[in-house]
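A.B. asks: got a predicted model here, sequence first, then my questions.
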Amino acid sequence: MTQSTSPDLPATGAAPDERVIRPEVPPSGFGCVECLAHPEGWWVHLRRCAWCGHIGCCDTSPEQHATRHAHESGHPVARSFEPGESWFWDYERNEPTEPADGVDLVPPVSRPVPQGSPAPRDRVPADWRRRIHRVGVEPPPEA
Ligand SMILES: [Zn+2]
Ligand SMILES: [Zn+2]
């Protein structure tokens, strides 16, 4: 079936991703919403909720706000918000997913490169590597 890339796809008969992904919703900002609200919050990588644009931190990060957002809000799909990454994750099914052909979220699709990781740099503790969760991925090199 040839699928249109229009964001105005009808709800009826839509593929699952079209009920949980809204490409037109911009990201909430360039940092994890909950970490930024906390004076000592910091993160390793960022994820963008594909439904409401919430930016949250990854499962390697101390507080894992992206996963928490997915469970608490019922918005199951998030896209990586890291430079050069374009994958989507379905927290409900716990597996990678992807939107309909050619559809990606509206820009910006990643945090600014100079922001670095982990971030914000003035909050990241010296022993951050001991504070992160090991979830099968290597932590990023210290930049
Ligand atoms: Zn966070
Ligand atoms: Zn959301």
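C.D. replies: Thanks, I have it. Numbers count the residues shown, from 1 in each chain. Ligands and ions are numbered 1, 2, ... in the order given.

A.B. asks: can you pull up the most central residue in this structure?
C.D. replies: With distances taken as Cα atoms, centre = their mean, Arg47 lies nearest the centre of the chain, 1.3 Å away.

A.B. asks: what strand or helix carries it?
C.D. replies: Per DSSP states H and E, Arg47 falls inside strand 46-49.

A.B. asks: let me know the average pLDDT across that strand.
C.D. replies: Strand 46-49 carries an average pLDDT of 98.

A.B. asks: given it, what are its sheet partners and their directions?
C.D. replies: Strand 46-49 has its sheet partners listed here by DSSP bridges as strand 55-57 (antiparallel), strand 77-80 (antiparallel).

A.B. asks: do it and ligand 1 come into contact?
C.D. replies: No. Using Cβ under 5 Å from the ion, strand 46-49 stays clear of ligand 1, coming no nearer than 8.5 Å. Yep, even glycine has a C-beta here, placed from its N, CA and C like the rest.

A.B. asks: picking that back up, what sits closest to the residue nearest to the centre of the chain if chain neighbours are left out?
C.D. replies: Among residues not flanking Arg47 along the chain, Ala66 sits closest, at 3.7 Å (Cβ to Cβ, 6 or more residues apart in numbering).
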